[in-house]
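J.: here is the input, now give the coordinates:
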Amino acid sequence: MTFEALTTIVVLAVIVEFTTEIVKSIFPSVRSRYSRVIAVLLGMILCVSTKNGLMEIFGITSPLPVLDYLLTGVIISRGSNILHDLVSKLKLSS
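T.: Alright, predicted model coming up:
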């Protein structure tokens, strides 16, 4: 279950990364000022709408699951590379 859930998170990170690049190519003025904000918003929207969160994957329960989704959205907004690094570090620690 954990591997499949982490794969889903990685796929969402790739979707955010590609979608942000498409938005930046359509609206060149976004490139320098708001690209990070767009990526964060896309990541949060995807995680909330799909109900995917990293804390839930690792068995950390929260009375506010939406907080997990929002934080996961922020993490995946950094792109698939940072998520890959995070997963690698978590594997080493366990």
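
J.: drop to CA atoms for contacts and neighbour counts, all remaining ones
T.: Will do.

J.: what is the burial count for residue 47?
T.: 25 (other Cα atoms under 10 Å).

J.: tell me the contacts of it?
T.: Applying Cα atoms under 8 Å, 6 or more residues apart in numbering to residue 47 gives the contacts 12, 53, 69-70, 72-73.

J.: and if we set it to 10 Å?
T.: By Cα atoms under 10 Å, 6 or more residues apart in numbering, the residues touching residue 47 are 9, 12-13, 41, 53-54, 66, 68-74, 76.

J.: mind naming the longest helix for this structure?
T.: helix 2-26 (DSSP state H).

J.: which other helices and strands contact it?
T.: Here helix 2-26 touches helix 30-33, helix 35-50, helix 54-57, helix 65-77, helix 80-93, going by 3 or more Cα pairs under 10 Å, 6 or more residues apart in numbering; DSSP states H and E.
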